[in-house]
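Engineer: take a look and give me a structure for this.
(2 chains)
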Number of protein chains: 2
Amino acid sequence: MAEQPSIGVVGATGAVGTVTLDLLRARGYENVRIFASARSAGKQLGEWTIEEATPDALSRGDVDVFLFSVGTSASRELVPHAVRGGAVAVDKSSAYRLEPGIPLVVPEVNGGRALEHDGILANPNCCAIPLTVALKPLHDAAGLVRVRVATYQSVSGAGAQAMERLRNEPQDEHDLRMDWSFDGVEFEEEEKLRLETQKIMELPDLPIQATCVRVPVMVGHAEAIWIETEDDLSPDRARELLAGAPSVRVEDFPSPGKAKGIDEVLVGRVRRDPTVEHGLALFLASDNLRKGAALNAIQIAELVLQRERAAA
Amino acid sequence: MAEQPSIGVVGATGAVGTVTLDLLRARGYENVRIFASARSAGKQLGEWTIEEATPDALSRGDVDVFLFSVGTSASRELVPHAVRGGAVAVDKSSAYRLEPGIPLVVPEVNGGRALEHDGILANPNCCAIPLTVALKPLHDAAGLVRVRVATYQSVSGAGAQAMERLRNEPQDEHDLRMDWSFDGVEFEEEEKLRLETQKIMELPDLPIQATCVRVPVMVGHAEAIWIETEDDLSPDRARELLAGAPSVRVEDFPSPGKAKGIDEVLVGRVRRDPTVEHGLALFLASDNLRKGAALNAIQIAELVLQRERAAA
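Structural biologist: As a prediction, the model looks like this:
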């Protein structure tokens, strides 16, 4: 690949950063620069040496696309420098997701929006991505009326330290946790899932409620979903639509273990919700570090790079 | 206690049997006989010696109430012998739960039914018990229209062997599981939760759907619940009703870890379901070995014994 774009990975040492590097390697990207905090600078991650993620380093104009997987406040601080230097920034934090004018993209759902960027593109929440991938074909066919979701989120969604804590926790002490900030009614995570789903689906008034729960599973998020639709949608037809949808694999009993390490969102247990006229229940599982984060961000970057190459 | 009733515990070595013995000790019962399979007969469990659970041993008429925590087929075989000998049998398996005429009892919800028994009383499913304890005061106030539940069930619900497996499983291999038999649409567990809730609440037509999931937690089941009611019910009023309901403790963020080892069902996260007019979302956690099994069965036995003592 002679004309390889230059990709910068900021936050390369975290749980998502590590998977980002694996995916970039597997996709054959060689022109990769990796950045992290001063503490890690100079260390080697495989074939790459970590550079310090300073405003200067990010604004030099020698990187085409930056993939940011750092915390929200670090993103707020650093992303503008990358853009100032002329790069496109795909940000995985929640810093920019709901900003008007900034595309919040799941390529299979609203990929066209990726082309409307002004330097920054936001990668959605790790539960919103698989949810919208599964809901999109059902909405297109029957019109979503309301959505309820109960999540089973793995600890890797809380980062590498949370994974280490689970690794060291005796099995008898495992518990469900709700480790998100709380406004008195909703967890921040539930608000994100609601508002981001509405933005990605371009259904700002879609009634949706989530109950978010962290489970003692290392990798892979699952969601128990109830939807109601305008038109009738049989479970058989829904399974057919899902089987034909991009990035979906229909699977009888999705689980994080089955979803771990694969690109598709597993969707199954599709059945009628007998409590309402046009209701369906379903269950999904997805690798939160891949499609829920690193993979989706790379797919956004590739959409943008393709378009720029086509325009050149 | 001079006039102590004689209590027989059948299946004393299992996960629920062990908790049953702890609870009987804590309540001061001394006239206890314990039974298990031939393999365990003769062994000592604390101060008690295990007897073999044969038809003969159970039908001798020297036990007032038997608490059965054995599998469904063992219950079908042995319970009739206990009743033939004149004892009352409280059965924790699913063998008799849906049989017409056999009371399926949660004392706080339909305790009056305990007095209509004909020798056998059934103890409900470990998710149906806390669910009905939480739903009862809300139904009485506002009338349930429909119920949806996503469960987070601990492995102790699958028995002592499942607990041992989790104890030996590396944390990286933990997964969500769905270890119930499946009829093509529902897990048997989901059907139980639906039909038993309808029977206990005496609402045979209540629309209810469950999605059941096993999580890698040792003890304590949790449930994410959505209800719709006939009349409006504010979250504040619902919390007030729950706080006043028997065996409920209102807790901001219920979890299995908080529920483990206590008698009450923890109910919290009570908020409006904004997707419908009269909807609420809530979350509960309960010790599936105590209120979900052993404790509820003892409470049923005590209801029956009280009444018999009062009648004597």
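
Engineer: can you tell me which helix in chain A is longest?
Structural biologist: helix A:295-311 (DSSP state H).

Engineer: packing partners for that one?
Structural biologist: The helices and strands touching helix A:295-311, judged by 3 or more CB pairs under 8 Å, 6 or more residues apart in numbering or on different chains; DSSP states H and E, are helix A:15-26, strand A:65-68, strand A:88-91, helix A:107-110. Every C-beta, even on glycine, is put in place using the N, C-alpha and C of the backbone.

Engineer: low pLDDT regions in chain A?
Structural biologist: Counting by pLDDT under 70, chain A contains low-confidence ranges at A:1-2.

Engineer: in it, which spans are strands?
Structural biologist: For chain A, the strands defined by DSSP state E occupy A:7-10, A:32-36, A:44-45, A:48-52, A:65-68, A:88-91, A:120-122, A:144-152, A:208-211, A:221-229, A:248-250, A:265-272, A:279-286.

Engineer: I'd guessed A:Val147 sits against A:Ala134; true?
Structural biologist: No. Using CB atoms under 8 Å, A:Val147 is not in contact with A:Ala134; the gap is 10.4 Å.

Engineer: got any residues that touch both of these two?
Structural biologist: A:Ile225 (CB atoms under 8 Å, 6 or more residues apart in numbering or on different chains).

Engineer: before we move on, back to that, relative to chain B, which of the helices and strands packed on helix A:295-311 is closest?
Structural biologist: Nearest to chain B, of all those, is helix A:15-26, at 13.1 Å by CB to the nearest CB.

Engineer: hmm, the closest one in reach of chain B?
Structural biologist: No. Judged by CB under 8 Å from any CB of the partner chain, helix A:15-26 stays clear of chain B, getting no closer than 13.1 Å.

Engineer: still on that earlier bit, in JSON lines: the helices and strands packed on helix A:295-311, plus mean neighbour count and distance to B:Ala12.
Structural biologist: Formatted as JSON lines, the helices and strands packed on helix A:295-311 follow (neighbours: other CB atoms under 10 Å in any protein chain shown; distance: least, CB to CB, whole Å):
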{"stretch": "helix A:15-26", "mean neighbour count": "21", "distance to B:Ala12": "45"}
{"stretch": "strand A:65-68", "mean neighbour count": "28", "distance to B:Ala12": "58"}
{"stretch": "strand A:88-91", "mean neighbour count": "26", "distance to B:Ala12": "59"}
{"stretch": "helix A:107-110", "mean neighbour count": "21", "distance to B:Ala12": "55"}
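
Engineer: can you list those in TSV and add distance to B:Pro170?
Structural biologist: TSV is the format used below for the helices and strands packed on helix A:295-311 (distance: least, CB to CB, whole Å):
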stretch	distance to B:Pro170
helix A:15-26	18
strand A:65-68	30
strand A:88-91	34
helix A:107-110	34
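
Engineer: is it true that A:Ile129 touches A:Leu289?
Structural biologist: No. A:Ile129 is beyond contact range of A:Leu289, at 11.5 Å (criterion: CB under 8 Å).

Engineer: how about A:Thr275, what does it touch?
Structural biologist: With CB under 8 Å, 6+ apart, A:Thr275 has these contacts: B:Arg146, B:Val147, B:Arg148, B:Pro207, B:Ile208, B:Gln209.

Engineer: ugh, wrong one, A:Ile200
Structural biologist: With CB under 8 Å, 6+ apart, A:Ile200 has these contacts: A:Leu104, A:Val105, A:Val106, A:Val109, A:Asn110, A:Pro124, A:Ala128, A:Thr132.

Engineer: again with A:Asn296
Structural biologist: A:Val105, A:Val106, A:Pro107, A:Asn123, A:Pro124, A:Ile129.

Engineer: distance of the first one relative to A:Ile120?
Structural biologist: Spelled out, it's A:Val105. 11 Å (CB to CB, to the nearest Å).

Engineer: again, but for the second one
Structural biologist: Using CB to CB, one obtains 16 Å as the distance from A:Val106 to A:Ile120.

Engineer: of those two, who's got more company?
Structural biologist: Using other CB atoms under 10 Å in any protein chain shown as the criterion, A:Val106 and A:Ile120 rank with A:Val106 on top: 27 against 22.

Engineer: my guess is that one contacts A:Pro124. True?
Structural biologist: Yes. Using CB under 8 Å, A:Val106 is in contact with A:Pro124, at 6.2 Å.

Engineer: now do the shared contacts for these two.
Structural biologist: With CB under 8 Å, 6+ apart, A:Val106 and A:Pro124 have common neighbours A:Thr132, A:Ile200, A:Asn296.

Engineer: between those, which is nearest A:Gly220?
Structural biologist: Nearest to A:Gly220 among those is A:Asn296, at 15.0 Å by CB to CB.

Engineer: now that closest one: how far from chain B?
Structural biologist: 22 Å (CB to the nearest CB, to the nearest Å).

Engineer: adding distance to B:Val215, write the contacts of A:Ile200 out as CSV.
Structural biologist: As requested, the contacts of A:Ile200 are exported to CSV (distance: CB to CB, whole Å):
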residue, distance to B:Val215
A:Leu104, 30
A:Val105, 32
A:Val106, 27
A:Val109, 29
A:Asn110, 32
A:Pro124, 25
A:Ala128, 22
A:Thr132, 25
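
Engineer: what subset of those is also close to chain B?
Structural biologist: Among those, no residue sits close to chain B (CB under 8 Å from any CB).

Engineer: enumerate the residues of the stretch 201-312 of chain A near chain B.
Structural biologist: A:207-209, A:211, A:213, A:215-218, A:220, A:222, A:224, A:226, A:253, A:255-257, A:269, A:271, A:273-276, A:281, A:283, A:285.

Engineer: just the buried residues of these.
Structural biologist: A:207-209, A:211, A:213, A:215-218, A:220, A:222, A:224, A:226, A:253, A:255-257, A:269, A:271, A:273, A:275-276, A:281, A:283, A:285 (16 or more other CB atoms under 10 Å in any protein chain shown).

Engineer: residues touching A:Arg167, list them.
Structural biologist: So A:Arg167 contacts A:Met218, B:Gln171, B:Asp172 (CB under 8 Å, 6+ apart).

Engineer: A:Ser6: neighbouring residues, count only.
Structural biologist: 15.

Engineer: tell me the contacts of it?
Structural biologist: A:Asn31, A:Val32, A:Arg33, A:Asp62, A:Val63, A:Asp64, A:Val65.

Engineer: who wins for most neighbours among those residues?
Structural biologist: Within these, A:Val63 tops the neighbour count with 25 neighbours, counted by other CB under 10 Å.

Engineer: between the contacts of A:Asn296, which sits nearest chain B?
Structural biologist: Using CB to the nearest CB, the contacts of A:Asn296 come closest to chain B at A:Ile129, 18.6 Å.

Engineer: quick check: residues of the stretch 51-200 of chain A near chain B?
Structural biologist: A:146-148, A:150, A:152, A:166-167, A:169, A:171-178, A:185-186.

Engineer: can we see that at 6 Å?
Structural biologist: Contact residues (CB under 6 Å from any CB of the partner chain) of the stretch 51-200 of chain A with chain B: A:146, A:148, A:150, A:152, A:166-167, A:171-172, A:174-176, A:178, A:185.

Engineer: buried subset of those, written for ChimeraX?
Structural biologist: Buried residues among these (16+ other CB under 10 Å), as a ChimeraX selection:
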select /A:146,148,150,152,166,171,174,175,176,178
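
Engineer: returning to what we had before: and A:Ile300, which of the helices and strands packed on helix A:295-311 is closest to it?
Structural biologist: Across the helices and strands packed on helix A:295-311, closest to A:Ile300 is strand A:88-91 (CB to CB), at 5.0 Å.
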